[in-house]
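> Predicted model follows, preceded by the sequence.
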Amino acid sequence: ADDPAGDHDGATVLQTGLARALKSAPAEGRDESFVLASVCVQQHPNPPGSTQCRLCSSHVPPQNPRLVARPVLAILRPPSGSVVEVDRNVLIGRAPSANRVGRDQLPKLMTVPSPSHDISRTHVQVHPDEWDIIVTDLHSTNGTTLIHPGGDDRERLTPGEPVIVPIGTVLDLGDGVTVVIDAP
């Protein structure tokens, strides 16, 4: 009678157990193509516990989170060229190379202009982690500056240190090149 699982047979994996197992899995062993989500009435995935949809603003009813394919968390808008969706690692630079990150799924590559060669070949990484967007300067020669939403607060990234950023952040790569992290 003191068993919190009631008449649980011990063999069935409850969704809360799945969530706990997924959160405790080491980053290297975790399948990053799936994420736990709560869905809105329009079936858009949202972070677990959300009450309003991040895409359509409709109601997200109370529910147990479920595994879904990783959604696009943001788009990257360079000064010229097409946007890149952030649904896996994105490497940005004047000639980015995929061999900089050893992951199972190949990263997307975003090439930006650098007339003075101030931007490193593989300068910065943007990637999703659960429901967060993470930016890491890849030990670029001239560094990366974050311009926080609103434009008043600037932060120079420490090379190799990942930083969680919100939608609306601008990456200043130097050489007059900025990349906006925008809503999908």
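Cool, got the structure.

> hey, let's count contacts and neighbours off CA atoms from now on
Will do.

> got the contact list for residue 180?
76-78, 168-171 (Cα atoms under 8 Å, 6 or more residues apart in numbering).

> from those, which ones fall inside strands?
76-77, 170-171 (DSSP state E).

> Buried ones from those residues, can you make that a PyMOL selection?
Entered in PyMOL, the line below selects the buried ones among those, by 16 or more other Cα atoms under 10 Å:
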select buried, resi 76+77+170+171
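
> quick one: which of the ones in strands among the contacts of residue 180 is nearest residue 140?
residue 171 (13.2 Å; Cα to Cα).

> Nearest to residue 35 among the contacts of residue 180?
residue 76 (20.7 Å).

> Who does the closest one form a beta bridge with?
In this entry, residue 76 is beta-bridged to residue 84, residue 181, by DSSP bridges.

> I figured it hits residue 170, correct?
No. Residue 76 is beyond contact range of residue 170, at 9.4 Å (criterion: Cα atoms under 8 Å).

> who touches both of the two?
By Cα under 8 Å, 6+ apart, the residues touching both residue 76 and residue 170 are 179-181.

> Could I get the contacting residues of residue 174?
With Cα under 8 Å, 6+ apart, residue 174 has these contacts: 118-119, 142-144.

> List only buried entries from these.
118-119, 143-144.

> Between those residues, which sits nearest residue 64?
residue 144 (39.1 Å).

> Need the pLDDT of that closest one.
Note for residue 144: predicted pLDDT of 96.

> Identify the residues contacting it.
124, 137, 156-157, 171-174.

> What of residue 40?
Per Cα under 8 Å, 6+ apart, neighbours of residue 40: 46, 52-53, 58-61.

> Keep only those of these that are in strands.
Per DSSP E, those map to strands at residue 46.

> Kindly reformat the contacts of residue 40 as a markdown table containing distance to residue 132, neighbour count and pLDDT.
Listed next are the contacts of residue 40 as a markdown table, based on distance: Cα to Cα, whole Å; neighbours: other Cα atoms under 10 Å; pLDDT from 0 to 100:
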| residue | distance to residue 132 | neighbour count | pLDDT |
| --- | --- | --- | --- |
| 46 | 12 | 24 | 95 |
| 52 | 17 | 17 | 94 |
| 53 | 16 | 21 | 93 |
| 58 | 21 | 15 | 94 |
| 59 | 21 | 15 | 94 |
| 60 | 19 | 22 | 95 |
| 61 | 22 | 15 | 95 |
